[in-house]
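In: Using only what follows, build the 3D model:
(one chain, ligands or ions: 1)
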Amino acid sequence: MARTQQVKIAARIRPLIGTEADDEGVRCVRDEGGHVICVNNPRDPSQVFRFPFTSCYDKDSTQDEIFANDVEPMLDSVYEGMTVTIFAYGVTSSGKTHTMQGTKAEPGIIPRTVQSLFNRKRADLPRNASLEVSYMEIYKDEVYDLMVNRDNAPKLPVRENEHGQVFVANLTAIPVDTLEEFDSLYTGAMKRRSVASTNFNRASSRSHAILTMIVKVQDPTSNRTLMGKLNLVDLAGSENNKHTGNDASRMAESSAINKSLSVLGQVVHALNQGASRIPYRNSKLTRLLQDALGGSSIGLLICNIAPAAKFRQDTLNTLNFAVRTKNIENKLVVNERAEPPRRQAPFTSLQPGAPKPGPAPRQSLIHNPNSRVPRPSIGNGAGGSGIRPPSIIGSSSLIPPKVGITLTEQEIDERIAKAVEAEVARRLESERLKLQAEAQAAAEAEAERIRIQEAKMVEDSSPTSDSANVQYDIAPSCAEGGGTGFDSISQRSDHFDDELRQRLQVVEHKLESNNEMRILQEMSPVSRKKQGRAYVALARAQSEKNNLQLALELYRKAEAYVPDNIKLKERIIEIEWAVKNNKPFQPSPKRAKKKQHGSKKSKKSSSSSSKVPSTSNATNIPTASTSQDTIGGGTNSNVDSLDLNFSSSKRSFSQGGPADDNGTMTPRKHKRSKLSDVGHRQNGGGIEEVEEDDEEMEVLEELQMAPVKHR
Ligand SMILES: Nc1ncnc2c1ncn2[C@@H]1O[C@H](COP(=O)(O)OP(=O)(O)OP(=O)(O)O)[C@@H](O)[C@H]1O
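Out: Numbering: from 1, shown residues only. The predicted model follows:
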């Protein structure tokens, strides 16, 4: 049976750079439970969030430490035929490239790993290991081969064969025999990666880069070939375009980066929800990382953290993502064949006993003059160093051999895409029907059981008997005063036995998550925002009743629809903290609605207001204002004050009344009240209401959905 293993998480804090000030708001500590990263709440430094991980590295840590502790122990598995994926994640300039690639003076994980693989190869001569390298980047959601000259490099298609294995067609894999050969190839490839200068990083990676080492180990005694793979992924960093100073072209890159990272977040969310449809296909990045997230790969996620205060919210988002990722379990598989090795794509895994791969790539793919197959001399003079010609990675097993019909690459792609879409739709539908049938059968069985029980009770009971007065309670809807509209079967009766109730809950949960994920995929960005707001309003209603667990669930649901809403993430972290520490939580008062004043507030002033730091709303906050407080608050009220068409969840809030009945709430100033009275105007001693659609505009800005590209 396949061994399962959770994705390992390491966190690394980089040193402060340039003029960054140290407020010691991010620390790496060790307690009896292990390593913990502690982060001060940016809006209330007295509140500390703790994130436990497998390993944490502070700003003084060395490249060697992280390699020796976390990476090297995984390399044995590659030689045992497994797939290992290591990826660096974090906001722009947090040190991902430094960790993965490093510098000449401080080489990072990639050079150290390759060196170690060669050392093992030498030490394992009897088993005749061979190494191949491929290197690609995903730039604006297109895959490019970094091993070939970029001038006329085509976009490479991502395909899936009939075994569900994802691969990049026509990607070159170059056999390497020595470290020098690798260095030569890698140096050339690195220069081809898309890099540009931004406000935060002089050499900011504008693409996700994936270096794959394929290790084939032939065991002459057993006549088996083990196919290990190591994927080293340097992700591009998430960026807040308000701060990066990006021009139009950088913005386009940035939106592609943010979108793919947002899909990565959705994939992790869906895996955690146990959804039966995981949105891997929504970006090339997640398609290619499929094996590492919920697949058959051993995974290590390195969270890179920039310690300066200006990155504090990004740090919390990164760590929050990491906490969710560590719950993902992969089913490890040894990739082996009982025949001489053939080329295999990165990110694919051959299941033991799986049918043999399809026919070898067609001649036209290998010799296509347009496919930029490097000659032995490619790679910055690598040919001169005796590097063998590369192989083309990719399986054409989906393509039936055709006699007498010539199809163009595009036609082949279209046919494959259609076939795959149809297959996916078919599988989804059959899964949906299966789940529906399971739920129905369970409900019918339960109804029958209750009917028999009732009949028996009627039979057995006297008119005064207690059992004759049994009532079947209908559990209240999940979110009172709004409700999600989902009264689960298992909630509807108290008379299910525990086992059946549990099974029903699992089935219902699957159905619900599956439906939600599917609905989410089909929604327009505007509808997603609306749905997100609806959940936020329900969540707020629950948090006001101190149903924090339920509020948390609803906020998390909202997050699936607006995964990039930073304020929402903050709210989730705060409530998680309150739930975990059994503390009360008091949401901030809703912001006063605004009344029209002839001219609308300019968009500029609206967006500048959203840059203003916000205050905390935790109940244990001292009432003295911090410097941030005096600038303005509103983050939380912004999250919660989304106007909804849910009459049941609409509530009236006292205008500008910041303190609650118990006086525990920090006096807060809505940010716009400080912005030269842009939003609130004094009128006869009171704050006037301003036009609502103006607020709606601000809310839309604040929801900050990553722009969705329509192709
Ligand atoms: N551990 C470290 N020690 C010393 N310098 C570091 C460390 N981590 C990062 N740096 C420096 O910080 C700067 C930003 O790092 P890097 O380019 O690796 O960030 P990144 O996360 O890859 O950014 P982007 O997403 O924009 O590509 C670089 O100048 C790098 O040399």
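In: Next, count neighbours for the residue of the stretch 451-600 of the chain at minimum distance from the ligand.
Out: Taking C-beta to the nearest ligand atom, the ligand has its nearest neighbour within the stretch 451-600 of the chain at residue 564, 16.6 Å off. To be clear about C-beta, it is placed using only N, CA and C from the backbone, and glycine gets the same treatment. For residue 564, the neighbour count with other C-beta atoms under 10 Å is 20.
In: Contacts only, for residue 549.
Out: residue 579 (C-beta atoms under 8 Å, 6 or more residues apart in numbering).
In: just to revisit the earlier point, what's the distance between the residue of the stretch 451-600 of the chain closest to the ligand and residue 89?
Out: Distance, residue 564 to residue 89, by C-beta to C-beta, to the nearest Å: 15 Å.
In: Residue 226 now?
Out: Residue 226 is 29 Å from residue 89, by C-beta to C-beta.
In: Also residue 296?
Out: Counting by C-beta to C-beta, the gap from residue 296 to residue 89 is 21 Å.
In: How about residues contacting stretch 116-130?
Out: Applying C-beta under 8 Å, 6+ apart, the set of residues contacting stretch 116-130 is 72, 75, 78-79, 131, 175, 178-179, 182, 213, 215-220, 230, 341.
In: filter those residues to the buried ones?
Out: Taking 16 or more other C-beta atoms under 10 Å as the criterion, what is buried in the contacts of stretch 116-130 is 75, 78, 79, 131, 175, 182, 213, 215, 216, 217, 218, 230.
In: Tell me which entries of the contacts of stretch 116-130 lie within helices.
Out: 72, 75, 78, 79, 179, 182 (DSSP state H).
In: Next up, the contacts around the second one.
Out: This points to residue 75. Counting by C-beta under 8 Å, 6+ apart, residue 75 has contacts 84, 113, 116, 117, 120, 230.
In: Quick check: pLDDT value at it.
Out: In this model, residue 75 is scored at 92, pLDDT.
In: cool, and the first one?
Out: Note for residue 72: predicted pLDDT of 94.
In: do the same with the fourth one
Out: Among the per-residue scores, residue 79 holds a pLDDT of 87.
In: so who does it touch?
Out: For residue 79, the contact set (C-beta under 8 Å, 6+ apart) comprises 120, 124, 129, 215, 217, 226, 228.
In: Recalculate using a threshold of 7 Å.
Out: Taking C-beta atoms under 7 Å, 6 or more residues apart in numbering, we find residue 79 in contact with 120, 124, 215, 217, 228.
In: ditto for the first one
Out: If you count contacts by C-beta under 7 Å, 6+ apart, residue 72 has them with residue 116.
In: The fifth one now?
Out: For residue 179, the contact set (C-beta under 7 Å, 6+ apart) comprises 114, 115, 118.
In: The residue of the stretch 451-600 of the chain closest to the ligand: what secondary structure?
Out: coil (DSSP: H, G, I helix; E, B strand; the rest coil).
In: Pull out the buried residues from the helix or strand harbouring residue 228.
Out: Here residue 228 sits within strand 224-234, counting by DSSP states H and E. Across strand 224-234, burial judged by 16+ other C-beta under 10 Å covers 225, 226, 227, 228, 229, 230, 231, 232, 233, 234.
In: now the fourth one, which residues is it bridged with?
Out: Bridge pairing for residue 228 (DSSP bridges) gives the partners residue 215.
In: Pretty sure it sits against residue 81.
Out: Yes: between residue 228 and residue 81 there is a contact at 5.1 Å, judged by C-beta atoms under 7 Å.
In: give me the number of residues near the residue nearest to residue 14 when sequence neighbours are not counted?
Out: Excluding the flanking residues, the one nearest residue 14 by C-beta to C-beta, 6 or more residues apart in numbering is residue 95, at 3.6 Å. Using other C-beta under 10 Å, residue 95 is surrounded by 23 other residues.
In: Let me see the contact set for residue 95.
Out: Residue 95 touches 12, 14, 304, counting by C-beta under 7 Å, 6+ apart.
In: Rebuild those residues as CSV, extending it with distance to residue 280, secondary structure and pLDDT.
Out: Shown next, in CSV, are the contacts of residue 95 (distance: C-beta to C-beta, whole Å; DSSP: H, G, I helix; E, B strand; the rest coil; pLDDT from 0 to 100):
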residue, distance to residue 280, secondary structure, pLDDT
12, 27, strand, 95
14, 30, coil, 94
304, 24, strand, 95
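In: Out of those, which are close to the ligand?
Out: Counting by C-beta under 6 Å from any ligand atom, 14, 304 from these sit close to the ligand.
In: Can you tell me the SS state at residue 327?
Out: Here residue 327 is coil, with the state taken from three-state DSSP.
In: Does it touch residue 272 like I think?
Out: Yes: counting by C-beta under 7 Å, residue 327 touches residue 272, with 5.5 Å between them.
In: Looking at those two, which has the bigger crowd around it?
Out: residue 272 (16 against 11).
In: Am I right that that one sits in a strand?
Out: No: assigned with three-state DSSP, residue 272 falls outside any strand and is helix.
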